[in-house]
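>>> based on what follows, work out the 3D shape:
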Amino acid sequence: MLKHQIDEIDQKILSFLVKNARMPFLEIARECGVSGAAIHQRVKKMESLGIITGSRLLVKPQTLGLNVCAFVEVSLSEANKYPEVIECLKQISEVVECHFVTGKHSLLLKIYCTNHDHLMEILINTIQNIPGVLQTETMVSLDQAIERQVWVKSYPEKKGGSRKK
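Model (predicted):
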């Protein structure tokens with residue numbers, strides 16, 4: 001993966017958009033001391049470079065009744081089963097993240113379920129029945145102390161909308 005150099009204005013733009021993806025470009029422009037068109041061009045350039053890959057709404061799982069967040073470590077019976085296992089995991093809507101990891105297990109999943117019975121159903125009757133899955137180990141999250149996007153240097157918003165000279 002290529003690493004792209006971005007300047008301080010790009011960092012400021014990212015900082016504001018990570019905090020609020022709906023922040024108007026003109027407001028970002030005022031904060032950065034440049035034109036709205038410059039912000040638009042810079043965002044488009046960062047999109048074309050793959051630095052920004054889109055924006056999305058964040059939904060709090062608990063508001064939808066998804067009260068159990070669990071991390072499931074998955075061991076594969078054979079390393080070459082990875083593609084088939086991933087394709088099966090993609091079909092399970094409760095799986096919201098899947099990482100190929102180093103260590104004792106091959107995969108780390110983040111899943112949301114309505115309750116512990118639902119979690120047990122997904123583990124025993126779905127994930128553990130996938131051909132190539134050897135075993136699972138589950139950790140239930142009791143609290144999410146930190147939730148944020150990738151770290152981008154933070155810039156405080158200016159007071160009174162004064163422009164940077």
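
>>> helices and strands around the helix or strand of the chain with the lowest mean pLDDT, which ones?
Ranking every helix and strand in the chain by mean pLDDT, DSSP states H and E puts helix 8-19 at the bottom, with a mean of 91. The contact analysis (3 or more C-beta pairs under 8 Å, 6 or more residues apart in numbering; DSSP states H and E) places helix 8-19 against helix 25-32, helix 36-48. Any C-beta I mention is one placed from the backbone N, CA and C, and that applies to glycine too.

>>> list the helices and strands the first one packs on?
Pointing back at helix 25-32 there. Under the contact definition 3+ C-beta pairs under 8 Å, 6+ apart, helix 25-32 sits against helix 8-19, helix 36-48.

>>> buried residues in the longest one?
Along helix 36-48, these residues count as buried under the neighbour rule (16 or more other C-beta atoms under 10 Å): Ala38, Ile39, Arg42, Val43, Met46.

>>> cool, the shortest one as well?
Neighbour counts over helix 8-19 (16+ other C-beta under 10 Å) mark Ile9, Asp10, Lys12, Ile13, Leu14, Ser15, Phe16, Leu17, Val18 as buried.

>>> which of those sits closest to Ser141?
Nearest to Ser141 among the buried residues of helix 8-19: Val18, at 22.8 Å, using C-beta to C-beta.

>>> and the gap between the closest one and Ala29?
17 Å (C-beta to C-beta, to the nearest Å).

>>> could you do Ser106 as well?
For Ser106, the distance to Ala29 - C-beta to C-beta - is 46 Å.

>>> thanks a lot, see you next time.
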